[in-house]
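A.B. asks: Everything below, folded, please.
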Amino acid sequence: MFRLVRGELDQAERHAEEIRHFGETRSDRMWNCFGSVTSGAVCCYLGKFTDARAYHENALSNLDPSYRAPAPTPEDPYVVVLSHLSRTLLYLGYIDQSLLRRNEALAEARRLSAYNLAFNVAFALSQRWYGDWAAAGPQSAQTMLRSADELLAIAGEEGAPAWLGLGNIMRGWCLGTIGEAAEHIPLLIEGLAILRAVGSSLLVLISA
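C.D. replies: Below is the predicted model of the structure:
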């Protein structure tokens, strides 16, 4: 994850392969699964979308519920895999399948939010706008605006600057799309400044 966040994708790909190899040589299905999750994310950023889809689908089929509690990242692995698979399917042109997986991810994140895991809702919302934009273009602005407002509300409650930055960017894009130019540029500038200040990997998501 360190290499992925820094954009050092070749090294990240090698580390992901090592994780899978670790799981395979020890017959450890959990680490094999997490290795597939990581490989899928890295391959998506490298533009290896067919490989990314295969890794995501392998992770999804092997993701036992018992693996979710000891996950190596704060996001729930099931929400992560569904979100990343959705994005990969989007890049491959399977819009309907992408939206289906995206909706599954958000529904699961909302279910988890009942257990005070609002972080997963923020993560799923941050992934949602790509599908909305791809499926409906500028007509998605109102839907995306609601997602941005919800993300900003979570950021305020959780004290999470990364989500605040991304929420401002999402809101700024939506306002610009619907013609409210006076507000959208300051929000975009503020959002980017916040993300740069926290060194967030969300900048990778925006630029990809």
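
A.B. asks: quick one: contacts for residue 137?
C.D. replies: By CB atoms under 8 Å, 6 or more residues apart in numbering, the contact set of residue 137 is empty. In short, each C-beta sits where N, CA and C put it, glycine included.

A.B. asks: Low-confidence regions, this protein specifically.
C.D. replies: The chain contains residues with pLDDT under 70 at 70-73, 114-117, 200-208.

A.B. asks: and with 90 instead?
C.D. replies: Across the chain, the ranges flagged by pLDDT under 90 are 1-7, 65-77, 95, 112-120, 123, 126-144, 155-163, 173, 177-184, 195-208.

A.B. asks: mind listing the helices for it?
C.D. replies: Secondary structure of the chain (DSSP state H): helices located at 2-5, 9-25, 29-45, 49-62, 77-92, 95-113, 118-136, 141-158, 161-177, 181-198, 202-207.

A.B. asks: and those helices as TSV, adding mean neighbour count and distance to residue 68?
C.D. replies: Output for the helices of the chain, formatted as TSV (neighbours: other CB atoms under 10 Å; distance: least, CB to CB, whole Å):
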stretch	mean neighbour count	distance to residue 68
helix 2-5	15	20
helix 9-25	16	16
helix 29-45	23	10
helix 49-62	19	12
helix 77-92	24	6
helix 95-113	18	9
helix 118-136	22	11
helix 141-158	18	20
helix 161-177	23	21
helix 181-198	15	26
helix 202-207	15	22
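
A.B. asks: Which residue, other than its chain neighbours, is closest to the residue most central in space within the chain?
C.D. replies: In the chain, the centroid-proximal residue (CA atoms, centre = their mean) is residue 127; its distance is 4.5 Å. Using CB to CB, 6 or more residues apart in numbering and skipping residues adjacent in sequence, the residue nearest residue 127 is residue 83, 4.2 Å away.

A.B. asks: contacting residues for that neighbour?
C.D. replies: 101-102, 105, 123-124, 127 are the contacts of residue 83 under CB under 8 Å, 6+ apart.

A.B. asks: again with residue 144
C.D. replies: 128-129, 132-133, 170, 173-174.

A.B. asks: can you tell me how far it sits from residue 32?
C.D. replies: Distance of residue 144 to residue 32, computed by CB to CB, to the nearest Å: 36 Å.

A.B. asks: Tell me which residues are up against stretch 97-104.
C.D. replies: Stretch 97-104 is contacted from outside by 82-83, 85-87, 89-90, 124, 127-128, 131, 134-135, using CB under 8 Å, 6+ apart.

A.B. asks: Only alpha carbons, please: show it as PDB.
C.D. replies: Output of stretch 97-104 as PDB, limited to C-alpha atoms (Å, rounded to 0.1, in the frame of the first residue of the first chain):
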ATOM      1  CA  GLN A  97     -22.200  -4.600 -14.500                       C
ATOM      2  CA  SER A  98     -20.100  -1.800 -13.100                       C
ATOM      3  CA  LEU A  99     -23.100   0.000 -11.700                       C
ATOM      4  CA  LEU A 100     -24.400  -3.200 -10.200                       C
ATOM      5  CA  ARG A 101     -21.200  -3.900  -8.300                       C
ATOM      6  CA  ARG A 102     -21.000  -0.200  -7.200                       C
ATOM      7  CA  ASN A 103     -24.500  -0.400  -5.800                       C
ATOM      8  CA  GLU A 104     -23.600  -3.600  -4.000                       C
END
